[in-house]
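Visitor: Okay, sequence plus prediction incoming.
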Amino acid sequence: MTLVVTDPHPVDRAGEILTPEALAFVEELHLRFAGPRAELLKARARKREHVALTGRLDFLPETAEIRDADWSVAPAPAALQDRRVEMTGPAAPAKMAINALNSGAKVWLADLEDASTPTWSNVVESILNLRDAADGTLKYTSPEGKEYALRTDAPLAVVVARPRGWHMGERHLLIGGDHTIGALVDFGLHFFHTAKRLVANGHGPYYYLPKMESYLEARLWNEIFVFAQDYVGIPQGTIRATVLIETIPAAFEMDEILFELRDHASGLNAGRWDYLFSIIKYFRDAGASFVLPDRATIAMTAPFMRAYTELLVKTCHRRGAFAMGGMAAVIPNRREPDVTAQAFEKVRADKTREANDGFDGSWVAHPDLVPVCREVFDAVLGARPNQLDRQRPEVSVTAEQLLDIRSAQGQVTEAGLRLNLYVAVAYTAVWISGNGAVAIHNLMEDAATAEISRSQVWQQIRNRSVLADTGRTVTRELVSALLAEETGKLRAEVGEDAFAKHYLPASKLIGGLCLSEDYTDFLTTPAYELVD
């Protein structure tokens with residue numbers, strides 16, 4: 001074996017996960033698929049450069065036959081027929097995993113991506129927790145002696161794991177001195193240790209696939225699935241994948257993505273926050289017409305967002321795939337009843353819109369929101385497990401509608417600029433400390449919202465946006481001054497030790513990303529270098 005493990009003991013019982021057999025599988029995945037993955041990342045960059053010159057994206061003429069033809073994905077297994085409520089969150093620590101499995105949701109998105117900092121201990125503990133969950137043995141005792149265990153009085157949520165996106169490396173597993181691919185490490189360790197266990201339980205190895213930009217990337221995942229199923233000796237089609245449509249180029253290739261994965265596809269998800277991030281990133285230098293208003297003012301009812309979600313529902317149901325709604329960012333606060341009441345109201349409105357549009361289920365980020373989402377979908381679905389029969393033939397979406405950024409209502413303001421800087425620094429600080437999901441001002445922030453925040457600042461500098469509330473022009477000098485002020489607020493809030501260890505490095509990183517002439521594709525790439 002040429003694979004090198006830099007730290008074989010990141011957590012207790014790591015040896016149960018980092019076995020020679022499991023590592024041999026990960027190594028084989030890397031050797032077979034690292035080359036194609038590298039070529040696909042290069043193709044992303046080439047396409048982005050072309051789009052930057054034209055300011056346009058369109059449906060692919062070379063795949064029109066796939067869009068026009070009648071075909072369907074494989075029928076969903078019984079465990080995935082009803083997905084009306086999906087709880088999202090990291091798979092470590094064990095307490096959070098247990099709470100998610102016990103939440104009453106139909107599905108738990110066990111996240112190794114945007115809601116999880118990929119520290120080596122987090123990665124290995126996540127796989128260990130998911131392996132124990134598949135065995136029914138997952139438990140945890142807090143330092144205070146409180147015991148957490150899997151419930152036996154009601155069904156547990158079905159696990160759908162989300163590996164990292166294609167861009168992330170894993171520096172603790174090396175081949176030839178190079179980082180392995182984070183997505184293949186996450187998938188490989190999870191699949192090797194749980195696939196047969198999950199099948200024996202009546203479930204299966206189910207995945208959410210993030211941040212894809214083309215149907216060729218879906219084709220690569222399909223090739224990985226075919227190889228993996230043969231490797232461990234389970235039937236082809238056992239794996240099921242739901243693809244997050246959270247990049248603007250993927251929105252133009254929904255049919256094609258489902259077609260490539262059709263024997264393994266379960267559905268598509270409207271990953272709204274990464275989708276907004278992708279629009280900013282893709283058209284960051286395409287002029288002022290692509291500058292979005294303050295993040296907090298962009299509603300899912302904006303025409304360009306309606307076009308995206310309605311096209312997703314129509315595409316999924318035409319192909320027999322589930323359409324999954326996205327994340328409402330607001331979360332309850334058990335110490336503040338008014339905040340909780342407002343959160344419930346906003347989530348109910350968001351989920352009502354999705355259910356009435358034909359979505360088969362949706363995401364929540366907090367166990368207290370599971371009943372709210374379930375109540376809304378129960379009212380629409382009744383005894384039906386889903387609404388695949390709702391075909392939406394009246395929906396017709398053009399490229400122009402998907403790219404109608406001007407349809408977003410709102411303005412660019414100094415208050416929004418300050419909030420972007422505050423959130424970007426605060427989230428990045430928590431991320432490099434090892435926690436990938438954090439509540440900031442009663443909103444659940446993850447890597448996607450931090451990416452939007454810092455990307456908007458970069459774009460506003462480039463376009464010299466004029467702030468509606470102060471009349472000032474966004475320049476590097478103004479951003480530097482406001483960043484110092486917002487960082488100062490955080491210093492007063494968190495104390496000197498935390499500030500010096502995490503917040504000051506985070507502020508320097510965000511400042512560098514926002515003020516640079518060059519744009520960095522993913523915040524988490526340089527932030528990963530700051531993780532212990």
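Guide: Noted; the coordinates are in hand.
Visitor: going forward, measure contacts and count neighbours with C-alpha atoms only.
Guide: Will do.
Visitor: sec struct for residue 160, please.
Guide: Three-state assignment for residue 160 (DSSP: H, G, I helix; E, B strand; the rest coil): strand.
Visitor: three-state assignment of the residue positioned nearest the centre of the chain?
Guide: Nearest to the geometric centre of the chain sits residue 114, at 5.1 Å (C-alpha atoms, centre = their mean). Of the three states, residue 114 takes coil according to three-state DSSP.
Visitor: confidence score at it?
Guide: pLDDT for residue 114: 92.
Visitor: What is the burial count for the nearest residue to it once chain neighbours are set aside?
Guide: Spatial nearest neighbour of residue 114, excluding adjacent residues (C-alpha to C-alpha, 6 or more residues apart in numbering): residue 447 at 5.1 Å. By other C-alpha atoms under 10 Å, the residues close to residue 447 number 25.
Visitor: how about residue 447, what does it touch?
Guide: Each residue near residue 447 by C-alpha atoms under 8 Å, 6 or more residues apart in numbering is listed here: 114-115, 427, 436-437, 524.
Visitor: Please tell me how far it sits from residue 121.
Guide: Note on residue 447: its distance to residue 121, by C-alpha to C-alpha, to the nearest Å, is 19 Å.
Visitor: Check residue 387 too.
Guide: Going from residue 387 to residue 121 by C-alpha to C-alpha gives 40 Å.
Visitor: Equivalent analysis for residue 194, please.
Guide: According to C-alpha to C-alpha, residue 194 stands 19 Å off from residue 121.
Visitor: Which of those two has more residues huddled nearby?
Guide: Neighbours were counted for residue 194 and for residue 121 using other C-alpha under 10 Å; residue 194 has more, 21 against 18.
Visitor: Is it correct that the more buried one is in contact with residue 134?
Guide: Yes: with contact defined as C-alpha atoms under 8 Å, residue 194 counts as touching residue 134 (6.5 Å).
Visitor: Counting neighbours, what do you get for residue 36?
Guide: A total of 13 residues lie near residue 36 under the criterion other C-alpha under 10 Å.
Visitor: go on, residue 133?
Guide: If you count neighbours by other C-alpha under 10 Å, residue 133 ends up with 22.
Visitor: Please point out which parts of the helix or strand where it lies sit buried.
Guide: Residue 133 belongs to helix 120-135 when assigned by DSSP states H and E. When neighbours are counted by 16 or more other C-alpha atoms under 10 Å, the buried residues of helix 120-135 are found to be 120-134.
Visitor: List phi and psi for the residue nearest to residue 114.
Guide: phi -60, psi -30 (degrees, to the nearest 10).
Visitor: hey, where'd the strands end up in the stretch 201-350 of the chain?
Guide: Under the criterion DSSP state E, counting those that start in this stretch, strands of the stretch 201-350 of the chain are mapped to 206-209, 240-245, 265-270, 322-327.
Visitor: For those, give me CSV that also has mean pLDDT.
Guide: Rendered in CSV, the data for those read as follows (pLDDT from 0 to 100):
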stretch, mean pLDDT
strand 206-209, 98
strand 240-245, 98
strand 265-270, 98
strand 322-327, 96
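Visitor: Nearest to residue 164, out of these?
Guide: Closest of the strands of the stretch 201-350 of the chain to residue 164 is strand 206-209, at 8.2 Å (criterion: C-alpha to C-alpha).
Visitor: For the closest residue to residue 361 other than its chain neighbours, grab the count of nearby residues.
Guide: Leaving aside its sequence neighbours, residue 361 sits nearest to residue 84 (C-alpha to C-alpha, 6+ apart; 3.6 Å). Neighbours of residue 84 under the rule other C-alpha under 10 Å: 28.
Visitor: next one: residue 222
Guide: Using other C-alpha under 10 Å, the number of residues around residue 222 comes to 20.
Visitor: Pull the number of nearby residues for the closest residue to it other than its chain neighbours.
Guide: Among residues not flanking residue 222 along the chain, residue 261 sits closest, at 5.6 Å (C-alpha to C-alpha, 6+ apart). Residue 261 has 26 neighbours, counted by other C-alpha under 10 Å.
Visitor: And for the one 4 residues further on?
Guide: Other residues within reach of residue 265, judged by other C-alpha under 10 Å, total 29.
Visitor: What is the neighbour count of the closest residue to it other than its chain neighbours?
Guide: Of all residues not flanking residue 265 in the chain, residue 241 sits nearest, at 4.9 Å (C-alpha to C-alpha, 6+ apart). Look at residue 241: counted by other C-alpha under 10 Å, it has 26 neighbours.
Visitor: State the distance from residue 241 to residue 302.
Guide: In terms of C-alpha to C-alpha, residue 241 sits 29 Å off from residue 302.
Visitor: Next: residue 410.
Guide: The gap separating residue 410 from residue 302 is 10 Å, by C-alpha to C-alpha.
Visitor: same question, residue 309
Guide: Note on residue 309: its distance to residue 302, by C-alpha to C-alpha, is 11 Å.
Visitor: between the two, who's got more neighbours?
Guide: When residue 309 and residue 302 are compared for neighbours, residue 309 comes out ahead with 29 against 16, by other C-alpha under 10 Å.
Visitor: gap between that one and residue 303?
Guide: Residue 309 sits 10 Å away from residue 303, going by C-alpha to C-alpha.
Visitor: Same check on residue 363?
Guide: Remark: distance between residue 363 and residue 303 (C-alpha to C-alpha) = 22 Å.
Visitor: Residue 246 contacts residue 274, correct?
Guide: Yes: using C-alpha under 8 Å, residue 246 is in contact with residue 274, at 5.1 Å.
Visitor: Between those two, which contacts overlap?
Guide: residue 211.
Visitor: Where does the residue lying closest to residue 81 once chain neighbours are set aside sit: helix, strand or coil?
Guide: Leaving aside its sequence neighbours, residue 81 sits nearest to residue 385 (C-alpha to C-alpha, 6+ apart; 6.1 Å). State at residue 385, reduced to three classes by three-state DSSP: coil.
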